[in-house]
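>>> sequence? don't have it. structure:
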């Protein structure tokens, strides 16, 4: 692995220079007013990135997994039922967490590579006359398969059934990179981390709660202390924190939001889409297929690429690391060995992406796959050249 | 607040230059072998700092509070009884967490300023013939009062009673600064964070489990996912992590352990003691008293200083921040307004400490206390000059 | 020496966090427009710090010594006469440079500890009917003795004599810290470096030329290439540089000027004066004297403190470094062993200064001088407490 | 320009993470022993990089241009004759400097794109019976044309003629990247800067003097102060410096030498050669030619690539900067508009280089050149894949 090459994993992403510096702070007294000058703008920034007017934003020294636990433990009680689809490793893990927290999970098994089955959700919700289901879980972007699901459709399913369940969305690998509409989609809990769309080092769970979710906290009985949003909210009201905050990372988060909002969320999403399209052009040129079943669910932050039968896709990842000092992602769970993943989110340029594609080509050729060197690069070059200059310029800085 | 002045809060501490740089890392692939080269030495370093041969070390992207939750949720079940003394804000909060986790807490109320009542523990444990008590909680260093308790005495109480309860020690503000003997004291769970004796930014919960504690995890029923040590252990065995690790902080932790062990733990403890003694010389010269009831329990990491009746000690802290750009700690809970606190742990020199004492003097004089300017500084200078050159040199770098 | 303690040398100074970060830049193409966005604002900022409307500012990858050479080699010819007083090590070295450049130097020997003898300059200039003297050299602040000279008086001497000689001012240890009026004083060449009032690492010579000095360059015959201001000016006109610029330092310079101008030059000067006054209060409390002969010439950036006869003042400096990890300045040249120096310029707070004074006290006591511990600290504390809050706040950040 | 993309200019190069951090130092007292611990190892490291046992190494806060001036002004006197070939912009500038220093230059005009004409040197030296020529100037690597000259042949010419002239070599863009043999080639003055093979920010002139060159300094009459090697040597002997050193950069230089020597100079040279060969494969695939006339003089640090007649090569550089945020080098002087340059020295991996080649392809295609996208990339990929793994691994970290 080389510190000089970009990483192409689906997070943590490459960190922009300015965010490295924002995080690298000398110690301040987190009980002084200085801390409030970091805390409040960071929360406000996150709220805007979520495209919400009113979400309560909580920031924990933790990770996205801690964010999931925050959502569950603050709103639910032992024995409550939640509805979830399993279509990849991260939805799988969230379901596992529910079960450990003594929740009943109504699982909709879904082929890996497909999106959330909003129609099945609709049926189940409609059938749940007694509103046994307290929450619906939705993984916006399955990082394991490179699949983006339609959260608006899940909301529609809830609304169509007149069902009061909370809507929890795992936006770990989408928020800050792909269009995420907390208010419009009626999301009740949104979860992400610092190390994806916010382009920061890992270490923060970032969670948004709707008013309805905040109401639910009042009757939720799951035990919680570290992840208690009431303690957090009480702290915030006093410019403080229930324990020691990760000040440097929060300073970075504040700056990251500023960067994203200065660029404009539309531009940020367009930039991710454009970079991702270049990758997909390359995949086509290589004659390979994505794990994602159809274009409408292609993820703009990660592509999981199927390799030919009999070939161990994980070898590409090992070889890239050992021989070229470049990091890609392996396949996980059901698709282990069948796919390798190219992360293309966060702080990335066309130029960096082309070096990742060029490396993937060399690896595949080295390992005996029938790949024409330069073919994927050329396809991506062609695409990048043709895209409007404006978004490209924005991407360059 | 000025970035140029040292902080004198009881953590986070001032961060040495080399640790700032160790933490400020470009992104690496945490699923690559590189991560193992950080993870394993960091865990081994922590084990040595705990003076343990065999403790299982777990490192979470969290804080000391998360470390507490790790200890409880991995070893206990709902309804279990724990024994704890309340002698300050941090022991209070840990007790509160136990209660939220549906544990029964046998609380020994203890005056703030006193150490853990090992004799009361002994009586209670002896009386607990049915071993209803599953764990004994002990706050090694009460950060709120500047009181160090005798953990060996607590162990002795357990042993004298032949009691099998687990011994949990909160070493958040002692580990890495004051003598902490995991093995010799028979500690079962030790808890700390990155931002105290390890001199790093906040963001890590660092926990050590004994073999006995690991056994207890097998029957413990409290729900846990983020803080599950089994997931952690399984990850470690594969050079991996159950979710995204805070790689930069862990790299810093590795380096911090190297620094502490290179200096020699004896020297580290002696250095903290020496700096602390200088502060106590100043307090005496000012004619003030420590919150800690007697010299045998004085903390070497933080001094809580009582101010005269009728005077709001918190004013010193506000005034220091606003007028001189210096951070001290306020009194918390029962001693709010009655004490102010000077943190003297981590990365600190005599010279830095003298500037803190000089600032405290100015603040007290500004606020009308009868303090002779320079008096505390002179007392500390006298002490620092007289201490052996060796430890001083070590301290200087 | 400890990285944690401030330095108290008369430059390089302590570097503010934000300037460390501004200097630590990734490589950019210095032939791209980005460079102009650093170069031009940096030059404009320096001009304002010089309190000039029209000075041509040149920035070389060099030091103050290179700045002296720039002034001489661009405006004079072999055999030309310059007038200079020697009242310290730095004026001595400049004279030495003139002689190496084959200039004739009319030297006014002046006791070390006194300011430039403007009256003697006046006499000599008045007597120089044939205007043999082409330039008058003036060291604004003699760093070796802590003496500030009256540049306005030198200008007055020139004007009174109707003498056309150029006025060269070494402002290395004054510019950006003490009042320096390029235009009002009719300075023709002003010289400084990055590592003093600008609070940056060393590595830049910063030079201002008047229109008259620019005229002189046209006939000056001393050889020059690296330090040629015409090459520099030609480069600047094209957003470029005659060779590879020290981009990071220039970015830092740009930011440093912004910091100084945001604070307000009046406030910057007042802050330096206040910090310096505290030091002088301490010196008086110690019963010692400054090298500077009288209060009207006390330097606000460095104090040279005379120690008792028979005592080697350099021992204080060695002892402070070895025993306390603190850097002071030794005496140089004629006053070697007779004085030690405390630098008090740049990025410094009251609180930091007090730690320097406390260290000096310990050293003097350790070495057997009859110093009451805390006495100088108390005197400085008294002074700092009494000074207006506004400038103090500004100083704090 | 994007901070995220590598630069492909022929210096300053991309800076490795570890060197960024080594340069970014808090202030130390450069008159304390700490400085010696940086100075001496840095000089020793440079000596080894020069492959010399005995060269005196001088390090100035300056640039390569200042290094040239150091060589000339310390060894020569006004009116002395030097022999120099002009085969590019940098040899041209050095000649210009000689003339400004009042030296006579016997210029051998040489086509840009060709190497130094050692045979012409041989003739001229043989004819110079009276040893009027005091020094022979040789630009080892013409950065403007991407041409490496044969310094051993120049030495041979001197020896064959039994000529005592000093041999000055500009190794600015070769030392630390390409084989440079100070002792074996009998170099008398070698000149470089920090920002090329040493991979540091600009700001240091690094110069090696042979014993013979040191002898010459005793009679040399050109004026010098800032660049005086005697002052430097006297300082070094006392762990000191004649003025304020650029401590951070020197600390970085020390670390840079350690990196290069740890990798092994042979490996460093092989790595540069390999990266360069990949670039040359791409150029061939594009159907373009190098400015360098023949393979034996191809530079391993920079390639100047001729574009078709009628096409302005500078457009590629502007377009790359504006559209893709990537920096290449323009043609200079005689070849302005006719070539664009790709720098491939310093901290660079195969993967980074491929992104540079991909960008060049896009630019050329965008500007209407008949370039097949991916063609150069594929040629370089093929070459990089085929090269031995060992050197590739070394290169990766």
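Looks like it arrived, so ask away. Small disclaimer: the values here were computed from a predicted structure and weren't measured.
>>> switch to C-alpha atoms for all contacts and neighbour counts from now on
OK.
>>> any idea how far residue A:344 is from the residue nearest to the spatial centre of chain A?
The residue lying closest to the centre of chain A (CA atoms, centre = their mean) is residue A:173, at 1.3 Å. Distance, residue A:173 to residue A:344, by CA to CA, to the nearest Å: 11 Å.
>>> what residues are shared contacts of the two?
A:10, A:301 (CA atoms under 8 Å, 6 or more residues apart in numbering or on different chains).
>>> Could you pull up phi and psi at residue A:56?
phi -80, psi 130 (degrees, to the nearest 10).
>>> Give me the residues contacting the longest helix that chain A contains.
Taking DSSP state H as the criterion, chain A has its longest helix at helix A:265-285. For helix A:265-285, the surrounding residues in contact (CA under 8 Å, 6+ apart) are A:49, A:176-179, A:260, A:289-290, A:299-303, A:305, A:344-346, A:349-350, A:353, A:357, A:375-381, A:383-384, A:387, A:391-392, A:394-395.
>>> Drop anything exposed from those residues.
A:49, A:176-179, A:260, A:289-290, A:299-303, A:305, A:344-346, A:349-350, A:353, A:357, A:375-381, A:383-384, A:391-392, A:395 (16 or more other CA atoms under 10 Å in any protein chain shown).
>>> what separates stretch A:272-291 from the chain centre, distance-wise?
19 Å (CA atoms, centre = their mean, to the nearest Å).
>>> what's the answer for stretch A:221-232, then?
Chain-centre distance of stretch A:221-232: 23 Å, with CA atoms, centre = their mean.
>>> what's the answer for stretch A:52-65, then?
Worked out by CA atoms, centre = their mean, stretch A:52-65 lies 13 Å from the chain centre.
>>> Check which residues of it are buried.
A:52, A:55-65.
>>> Residue numbers of chain A in contact with chain C?
Contact residues, chain A versus chain C (CA under 8 Å from any CA of the partner chain): residue A:21.
>>> Okay, now the unreliable bits of chain A?
A:1-2, A:388-397 (pLDDT under 70).
>>> Distance of the residue of it found nearest chain C relative to chain D?
Shortest chain A-to-chain C distance, computed as CA to the nearest CA: residue-wise this is residue A:21, at 7.1 Å. Distance of residue A:21 to chain D, computed by CA to the nearest CA, to the nearest Å: 12 Å.
>>> Buried residues, the helix or strand containing that residue. List them.
Following DSSP states H and E, one finds residue A:21 within helix A:17-23. Using 16+ other CA under 10 Å as the test for burial, helix A:17-23 gives A:19-23.
>>> Going by distance to residue A:115, which of those wins?
Comparing those against residue A:115 with CA to CA places residue A:19 closest, at 32.9 Å.
>>> Show the contacting residues for that closest one.
Contact analysis of residue A:19 by CA under 8 Å, 6+ apart lists A:199-200, A:252, A:255-256.
>>> export those residues to TSV and tack on secondary structure and neighbour count?
What follows is those, written out as TSV (DSSP: H, G, I helix; E, B strand; the rest coil; neighbours: other CA atoms under 10 Å in any protein chain shown):
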residue	secondary structure	neighbour count
A:199	coil	28
A:200	coil	30
A:252	helix	26
A:255	helix	23
A:256	helix	26
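>>> Return the member of the residues you listed nearest to residue B:311.
Distances from residue B:311 to the contacts of residue A:19, taken by CA to CA, are shortest for residue A:252, at 38.9 Å.
>>> list the contacts for the closest one?
So residue A:252 contacts A:19-23, A:200 (CA under 8 Å, 6+ apart).
>>> Residue A:106 now?
By CA under 8 Å, 6+ apart, the contact list for residue A:106 reads A:81-84.
>>> May I have the secondary structure class of it?
When classified by DSSP: H, G, I helix; E, B strand; the rest coil, residue A:106 comes out as strand.
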